[in-house]
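[1] Pasting a predicted model and its sequence here:
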Amino acid sequence: MNSRPRAGGGWPRPGIRGSAARTRAMVYQPMLELLGLLDRNGLSCWIFSGGGTDFMRALASEVYGLPPHG
């Protein structure tokens, strides 16, 4: 669990959807760089997670720029 309040004050509230830009700012930057490098070199990138399919498809599309695979 996050032990620090967010910059605007207060704790992040579960279930409240933030902007894609704010979510992207919390993603591990080297992972974004690696995904970009792999994509530029013609490789197909996939993310496997224990999260729900609908959640991960939206997250992968908005945050990582990956198309949904089906």
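    That came through, no problem.

[2] Which is the succeeding secondary structure element to the lengthiest helix in the chain?
    Once the chain is assigned using DSSP state H, the helix that runs over the most residues is helix 29-40. On the C-terminal side of helix 29-40, the closest following helix or strand by DSSP states H and E is helix 53-62.

[3] Quick check: mean pLDDT of that following helix?
    In this model, helix 53-62 has a mean pLDDT of 81.

[4] Identify each buried residue in it, please.
    For helix 53-62, a neighbour-count test (16 or more other C-beta atoms under 10 Å) marks 56-57, 59-60 as buried. To be clear about C-beta, it is placed using only N, CA and C from the backbone, and glycine gets the same treatment.

[5] What is it packed up against?
    Other elements packing on helix 53-62 under the criterion 3 or more C-beta pairs under 8 Å, 6 or more residues apart in numbering; DSSP states H and E are helix 20-25.

[6] Run through the residues that contact residue 67.
    residue 61 (C-beta atoms under 8 Å, 6 or more residues apart in numbering).

[7] and it, helix, strand or coil?
    coil (DSSP: H, G, I helix; E, B strand; the rest coil).

[8] What pLDDT does the model give residue 9?
    For residue 9, the pLDDT comes out at 53.

[9] which sections of the chain are below the confidence cut-off?
    Within the chain, the stretches with pLDDT under 70 are 1-21, 23-24, 70.

[10] try it again with 80
    1-26, 51, 58-59, 68-70 (pLDDT under 80).

[11] ok, and the closest non-adjacent residue to residue 57?
    Leaving aside its chain neighbours, residue 57 sits nearest to residue 68 (4.5 Å; criterion: C-beta to C-beta, 6 or more residues apart in numbering).
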